[in-house]
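Participant: only geometry, no sequence info:
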């Protein structure tokens, strides 16, 4: 595939099937992918849950460990981004390394996983915004009304230009980060009863039966860094920008969350953090903030806690829209999905499809919600917890498969010796990710807060297994019934050059590596 800096990327279906290039640079791309990590949502939601439910004091050390694992993963993943520029990212990489059938399976898993994570955030967003409306405006509404409104607003922004979405994400993300940093300074400057302690970085704090579950839960906080590759076709220098943003995002997320989770433990006290997290849950951050910075600051922080969720929803929406676009362009989904809007060049029809699916998901949980207003069962315990954990498991599976695909890609092209350090890093990361995935499935009842005998502990992770099987079956069907589609899986724009060569009776060139 050509890797020049021209903004006109010719696709094999014509210019209406291209994503407009040269629209997003390092800063905009970094803001878009880090927004998916939702700093305030992780600090207020994920961290107290990990402390309280898994009883792991060493959460800051977990962020450091996972930062190392995902940096190793990024060594091969980022190198792959220099050779394959495709909005299908994960599934394109897996197809290029492990074959079209594996790529088809990965495309299905990617749609399921990222959609599930977006659905999860709709649940907690609706619940939290309904609570804010009731508290400050005395307006009582069901959680699903703000959720449905968010679906519509996100859908409109998804139809528009990525640079507009990046600006929205950027403003919200920067405010979130500033507020978390202010809390970090206040928490360390006014520590709990044990003073400023580095006990949470002691490896001994990782002992206990909740470690595997904590690893699974914590890795979900990193989801987003890998999304840089999805925007490769929309950058001016994808062979440089994507790799750079991937490494910066991993490093930033690991450092930011390690420091923030440490500050949270210092403010509460390492000896009290588990008990306080179990008692207060997501309210822990706001309670500690109010004690140090006052109720007004805590209220403002709570507002941006909700807007951060919106930023994460928009980020995931943009990613799913591009996956759908890439699949439509290559024949894995109806061709209409692979069209872009003439005015903006955005994957408008992929965005529309995701908006419709999101609308149905929220309506399903709303219709089946038989609890009174304000009850968190449907939006939090079901939609957020169920969908979020299914999505996180799917992304872990994709990363593990991508690690294997990177090794296969370069070995098959005779570049194993040149790329040896990156292949070793990919292998180590792949093993670690498989271990985490096994722990996730084994301890899914803990992730869900369900009874060990609950059927959900197998049904929900089974959705990812079902997506894998369905995707493999779909790939095999394409291989035998539509071999031309199967042959182009993961090729993206390169297929245009290959089809032109075939039409001119020129021998089919080897796909660029």
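Facilitator: Cool, the structure landed. These figures come from a predicted structure and were not determined experimentally. Numbers count the residues shown, from 1 in each chain.
Participant: contacts and neighbour counts: CA atoms only from here.
Facilitator: Noted.
Participant: quick one: pLDDT of the nearest residue to residue 80 once chain neighbours are set aside?
Facilitator: With sequence-adjacent residues excluded and distances taken as C-alpha to C-alpha, 6 or more residues apart in numbering, residue 80 is closest to residue 406, at 6.7 Å. Looking at residue 406, its pLDDT reads 96.
Participant: Quick check: residue 406 touching residue 425?
Facilitator: No: counting by C-alpha atoms under 8 Å, no contact exists between residue 406 and residue 425, whose distance comes to 10.4 Å.
Participant: Find the residues that touch each one of these two.
Facilitator: residue 76 (C-alpha atoms under 8 Å, 6 or more residues apart in numbering).
Participant: Next, find the distance separating residue 234 from residue 96.
Facilitator: 20 Å (C-alpha to C-alpha, to the nearest Å).
Participant: where's the residue nearest to residue 80 relative to residue 84, distance?
Facilitator: From residue 406 across to residue 84, the span is 11 Å (C-alpha to C-alpha).
Participant: With residue 359 instead?
Facilitator: Distance, residue 359 to residue 84, by C-alpha to C-alpha: 33 Å.
Participant: So those two - more neighbours on which side?
Facilitator: Neighbours were tallied for residue 359 and for residue 84 using other C-alpha atoms under 10 Å; the higher tally belongs to residue 84 (29 against 20).
Participant: Go ahead and confirm that one touches residue 93.
Facilitator: Yes: with contacts counted by C-alpha under 8 Å, residue 84 reaches residue 93, the gap being 7.1 Å.
Participant: How far does stretch 132-144 sit from its chain's centre?
Facilitator: Stretch 132-144 has its C-alpha centroid displaced from the chain centroid by 29 Å (C-alpha atoms, centre = their mean, to the nearest Å).
Participant: Likewise for stretch 91-107?
Facilitator: 19 Å.
Participant: again with stretch 420-429
Facilitator: Centroid separation between stretch 420-429 and its chain, computed with C-alpha atoms, centre = their mean, is 22 Å.
Participant: cool, stretch 380-397 as well?
Facilitator: Centroid displacement of stretch 380-397 relative to its chain, using C-alpha atoms, centre = their mean, is 11 Å.
Participant: Tell me which residues are up against that stretch.
Facilitator: Identification of contacts with stretch 380-397 by C-alpha under 8 Å, 6+ apart yields 109-110, 112-124, 127, 216-217, 219-220, 223, 365, 433-434, 436-437, 440, 447-448, 460-461, 463-464.
Participant: if you set the cut-off to 6 Å instead, what comes out?
Facilitator: Under the contact criterion C-alpha atoms under 6 Å, 6 or more residues apart in numbering, stretch 380-397 has outside partners 113-114, 116-117, 120, 123-124, 220, 461, 464.
Participant: Then stretch 119-132?
Facilitator: Residues contacting stretch 119-132 (C-alpha under 6 Å, 6+ apart): 141, 143-144, 146-147, 379-380, 383-384, 387-388.
Participant: Can I get those residues in JSON lines including neighbour count?
Facilitator: Compiled in JSON lines, the contacts of stretch 119-132 are given as follows (neighbours: other C-alpha atoms under 10 Å):
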{"residue": "141", "neighbour count": "17"}
{"residue": "143", "neighbour count": "26"}
{"residue": "144", "neighbour count": "24"}
{"residue": "146", "neighbour count": "20"}
{"residue": "147", "neighbour count": "28"}
{"residue": "379", "neighbour count": "29"}
{"residue": "380", "neighbour count": "22"}
{"residue": "383", "neighbour count": "25"}
{"residue": "384", "neighbour count": "25"}
{"residue": "387", "neighbour count": "26"}
{"residue": "388", "neighbour count": "27"}
